[in-house]
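**Student:** coords please:
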Amino acid sequence: TGLDEATDPWGVKVERVEVKDVRLPVALQKAMAAEAEASRDA
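**Tutor:** From the prediction side, this is the model:
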């Protein structure tokens, strides 16, 4: 993976990464909301 490529030269092995915050673009948020609403109405 990209992370392995970056850390291997240092002799570091990353076993786990925690994602603390995900920010979606406004357009994607709106699209997801519209899709959810459409599936509820169906």
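
**Student:** residues touching the longest helix anywhere in the chain, excluding its own?
**Tutor:** Ranked by residue count, the top helix of the chain under DSSP state H comes out as helix 26-41. Helix 26-41 is contacted by residues L24 when judged by CB atoms under 8 Å, 6 or more residues apart in numbering. C-beta here means a position set from N, CA and C on the backbone, and glycine is covered the same way.

**Student:** buried stuff in it?
**Tutor:** For helix 26-41, a neighbour-count test (16 or more other CB atoms under 10 Å) marks nothing as buried.

**Student:** so where's this structure uncertain?
**Tutor:** Filtered on pLDDT under 70, the chain yields no residues whatsoever.

**Student:** chain center to stretch 5-19, what's the gap?
**Tutor:** Chain-centre distance of stretch 5-19: 18 Å, with CA atoms, centre = their mean, to the nearest Å.

**Student:** then stretch 34-42?
**Tutor:** With CA atoms, centre = their mean, you get 23 Å for stretch 34-42.

**Student:** do the same with stretch 2-15
**Tutor:** The answer for stretch 2-15 is 20 Å, by CA atoms, centre = their mean.

**Student:** repeat that for stretch 29-39.
**Tutor:** Stretch 29-39 sits 18 Å away from the centroid of its parent chain (CA atoms, centre = their mean).

**Student:** and the residue nearest the centre of the chain, what element?
**Tutor:** Most central in the chain under CA atoms, centre = their mean is V22, positioned 6.3 Å from the mean C-alpha point. Using DSSP states H and E, V22 sits in no helix or strand.
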